[in-house]
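S.K.: Below is the sequence, then the predicted model.
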Amino acid sequence: MPAKSKAQQKAAGAALSAKRGETPKSKLKGASRGMEESMSEKQLEELAHTKRKNLPNKKKD
């Protein structure tokens, strides 16, 4: 599933980094903390590797 916004893609990248042990989990904030706990590494990779071109900065309600 591709990311729907740049913010979601960025949060997934931070969560993926923590899941792999590259950054400490204590550095995660907001959505990335929940993503790290609830999503698999494969799911996070799919979100984080979404092309950023043509994505909105934030998802509109």
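M.R.: Okay, I see it. Residues are numbered from 1 along each chain as shown.

S.K.: In space, not sequence, find me the middle residue of this protein.
M.R.: Central residue of the chain (C-alpha atoms, centre = their mean): Ala12, 0.7 Å from the mean position.

S.K.: residues in contact with that residue?
M.R.: By C-beta atoms under 8 Å, 6 or more residues apart in numbering, Ala12 lies in contact with 3, 32, 35, 39, 44, 47-48. C-betas here are computed from N, CA, C, even on glycine.

S.K.: Now pLDDT too, for the residues you listed, in JSON lines please.
M.R.: Formatted as JSON lines, these follow (pLDDT from 0 to 100):
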{"residue": "Ala3", "pLDDT": "88"}
{"residue": "Ser32", "pLDDT": "94"}
{"residue": "Met35", "pLDDT": "93"}
{"residue": "Met39", "pLDDT": "94"}
{"residue": "Leu44", "pLDDT": "94"}
{"residue": "Leu47", "pLDDT": "90"}
{"residue": "Ala48", "pLDDT": "91"}
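
S.K.: can you redo these as TSV with secondary structure and distance to Lys25?
M.R.: Formatted as TSV, the contacts of Ala12 follow (DSSP: H, G, I helix; E, B strand; the rest coil; distance: C-beta to C-beta, whole Å):
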residue	secondary structure	distance to Lys25
Ala3	coil	21
Ser32	helix	10
Met35	helix	12
Met39	coil	14
Leu44	helix	13
Leu47	helix	18
Ala48	helix	16
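
S.K.: Give the ChimeraX command for selecting the buried subset of those residues.
M.R.: Those of the contacts of Ala12 that count as buried under 16 or more other C-beta atoms under 10 Å are selected in ChimeraX with:
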select :3,32,35,39,44,47,48
